[in-house]
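*Asks:* One predicted model, sequence on top.
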Protein chains: 2
Amino acid sequence: MRVRVLGVDPGLTRCGLGVVDGGSGRTVHCVDVGVLRTPADEDLPHRLLAIADGLEQWLDRHRPDTVAIERVFSQHNVRTVMGTAQVSGVVAVAAARRGLPVVFHTPSEVKAAVTGSGSADKKQVTTMVTKLLKLAAAPRPADAADALALAVCHLWRGPMLRRMAEAEARAAQLARAHRARLAAAAQQARTGGAP
Amino acid sequence: MRVRVLGVDPGLTRCGLGVVDGGSGRTVHCVDVGVLRTPADEDLPHRLLAIADGLEQWLDRHRPDTVAIERVFSQHNVRTVMGTAQVSGVVAVAAARRGLPVVFHTPSEVKAAVTGSGSADKKQVTTMVTKLLKLAAAPRPADAADALALAVCHLWRGPMLRRMAEAEARAAQLARAHRARLAAAAQQARTGGAP
């Protein structure tokens, strides 16, 4: 079963978009990647509208099953964070209006998913995304690579979380069986060895 | 000429909305006031969508000429600020999509416009809004009163800023005339009193 994810690295100046198809196992395929740009001298409502309109075109063109958005944190530059949060809200509403599931992943979850380390730098993320998706060239700018990484993260995190949950359930079951055996042994010791 | 402003105090849990008509001079009239609420246990995309849908209904019903939104600042609670910024982005796009002008006013601009002090508390804002709009009862909750204050602020700030600009232009003109007179007097003194 194919699952198509649109990854969005929200931003006012550059909003990264990456569409990735996930197949069986860890198979991933890059469908499209790009960046929506808005000029810094345009007013905020029209910048947000331009991104909203551009996003609608991507949703029409690629019909993703899920939209994965990078979770915004308060960073150093408050002004930038506000714009980024506004874009992420606009993207989430556009997806929700189409009935698409919307998920948020943190930057460190994304980095860990594609590089194995939650503290990897942008260059590592770009390198791994290029490799994992077998791209002829590294996606530029970094926002485009981040959007692809986000989509891959979403495709891989779902099964990984499921496997972890299964492993934990199995561990809990083994622990219960072990405790039951211990209790039975203790009971047997008390009753003087009778089975 | 009547100008209708929709003031929006953005928030995920409570989004305040207030529609105010401004007439000649400082005449203001409250058309509608209310709050859009979303449950905290709903997921973020659906909370944002519920606010977007609620806002569309207000825009359809009241057909404002302008939408005034409270400018979000990074405050103590980063989580709350992010949600507020996302709502403000969603509201700005909805208004821009209808071709409506969108303006942002800071909380202190709003407070100064309705109470005379940029550091007034919520109670003062509610009291003044109730008085200025001649309401039978104080609007509740505070978010609703804030939305009305925002609309009043926008109606009054435009003309006020225009008057200030005009006064400054007049002052600059007077200063130029004064300098010219001084220069003429100095010239006259040098040439020995001949006019």
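*Replies:* Okay, I see it.
*Asks:* quick one: contacts for A:Glu70?
*Replies:* With contacts defined as C-beta atoms under 8 Å, 6 or more residues apart in numbering or on different chains, A:Glu70 is in contact with A:Val8, A:Asp9, A:Pro10, A:Ser88, A:Phe104, A:His105, A:Thr106, A:Pro107, A:Val110, A:Asp146, A:Leu150. (Each C-beta comes from the backbone N, C-alpha and C, glycine too.)
*Asks:* Let me see the contact set for the last one.
*Replies:* The one in question is A:Leu150. In this structure, A:Leu150 makes contact with A:Gly7, A:Val8, A:Asp9, A:Gly18, A:Ala68, A:Ile69, A:Glu70, A:His105, A:Val110, judged by C-beta under 8 Å, 6+ apart.
*Asks:* in what helix or strand does the fourth one lie?
*Replies:* It refers to A:Gly18. Per DSSP states H and E, A:Gly18 falls inside strand A:14-22.
*Asks:* just the CA coordinates of that strand, formatted as PDB?
*Replies:* As requested, the backbone C-alpha atoms of strand A:14-22 are provided in PDB (Å, rounded to 0.1, in the frame of the first residue of the first chain):
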ATOM      1  CA  ARG A  14      10.800  30.300   2.200                       C
ATOM      2  CA  CYS A  15       8.300  27.500   2.900                       C
ATOM      3  CA  GLY A  16       9.800  24.100   2.000                       C
ATOM      4  CA  LEU A  17       7.500  21.500   0.400                       C
ATOM      5  CA  GLY A  18       8.400  17.900  -0.200                       C
ATOM      6  CA  VAL A  19       6.100  15.000  -1.400                       C
ATOM      7  CA  VAL A  20       7.300  11.500  -0.700                       C
ATOM      8  CA  ASP A  21       5.600   8.200  -1.400                       C
ATOM      9  CA  GLY A  22       6.200   5.400   1.100                       C
END
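*Asks:* Following the chain past that strand, name the next helix or strand.
*Replies:* Counting by DSSP H and E, the element after strand A:14-22 in chain order, helix or strand, is strand A:28-37.
*Asks:* Quick check: buried residues in the helix or strand just after that following strand?
*Replies:* Helices and strands here follow DSSP H and E; after strand A:28-37, the next one along the chain is helix A:44-62. Buried positions in helix A:44-62, judged by neighbour count with 16 or more other C-beta atoms under 10 Å in any protein chain shown: A:Leu44, A:Pro45, A:Arg47, A:Leu48, A:Leu49, A:Ala50, A:Ile51, A:Ala52, A:Gly54, A:Leu55, A:Trp58, A:Leu59.
*Asks:* so which of those comes closest to B:Ala185?
*Replies:* Distance from B:Ala185 was checked for each of the buried residues of helix A:44-62 by C-beta to C-beta. The minimum falls on A:Leu44, at 51.3 Å.
*Asks:* what's near enough to touch the most centrally placed residue in chain A?
*Replies:* Compute the mean C-alpha point of chain A, and by C-alpha atoms, centre = their mean the closest residue is A:His154, 3.5 Å away. The neighbourhood of A:His154, defined by C-beta under 8 Å, 6+ apart, consists of A:Val5, A:Gly7, A:Thr66, A:Ala68, A:Val103, A:His105.
*Asks:* Name the nearest residue to A:Ala92, sequence neighbours excluded.
*Replies:* In space, not counting the residues next to it along the chain, A:Ala92 is nearest to B:Pro45; the distance is 4.2 Å by C-beta to C-beta, 6 or more residues apart in numbering or on different chains.
*Asks:* what sits against that neighbour?
*Replies:* The neighbourhood of B:Pro45, defined by C-beta under 8 Å, 6+ apart, consists of A:Ala92, A:Val93, A:Ala95, A:Ala96, A:Val102.
*Asks:* Pull the contacting residues for the fourth one.
*Replies:* Pointing back at A:Ala96 there. If you count contacts by C-beta under 8 Å, 6+ apart, A:Ala96 has them with A:Val102, B:Pro45, B:His46, B:Leu48, B:Leu49.
*Asks:* if we can go back for a sec, narrow the contacts of A:Leu150 to those in strands?
*Replies:* Counting by DSSP state E, the part of the contacts of A:Leu150 found in strands is A:Gly7, A:Val8, A:Asp9, A:Gly18, A:Ala68, A:Ile69, A:Glu70, A:His105.
*Asks:* now, which of the residues you listed sits nearest B:Cys30?
*Replies:* For B:Cys30, the closest of the ones in strands among the contacts of A:Leu150 turns out to be A:Ile69, at 37.6 Å, with distances computed as C-beta to C-beta.
*Asks:* tally of neighbours for the nearest residue to the closest one once chain neighbours are set aside?
*Replies:* In space, not counting the residues next to it along the chain, A:Ile69 is nearest to A:Val8; the distance is 4.8 Å by C-beta to C-beta, 6+ apart. The burial metric for A:Val8, expressed as a neighbour count using other C-beta atoms under 10 Å in any protein chain shown, is 29.
*Asks:* ok, now how distant is A:Val8 from B:Gln57?
*Replies:* Applying C-beta to C-beta, to the nearest Å, one obtains 27 Å for the distance of A:Val8 from B:Gln57.
*Asks:* A:Gln124 too?
*Replies:* 47 Å.
*Asks:* cool, A:Glu70 as well?
*Replies:* 31 Å.
*Asks:* do the same with A:Val33
*Replies:* With distances taken as C-beta to C-beta, A:Val33 is found 37 Å from B:Gln57.
*Asks:* shaky segments in chain A?
*Replies:* By pLDDT under 70, the low-scoring segments of chain A are A:74-79, A:158-168, A:193-195.
*Asks:* run the last query once more with 90
*Replies:* Low-confidence regions of chain A, defined by pLDDT under 90, span residues A:1-2, A:23-26, A:72-82, A:116-118, A:156-195.
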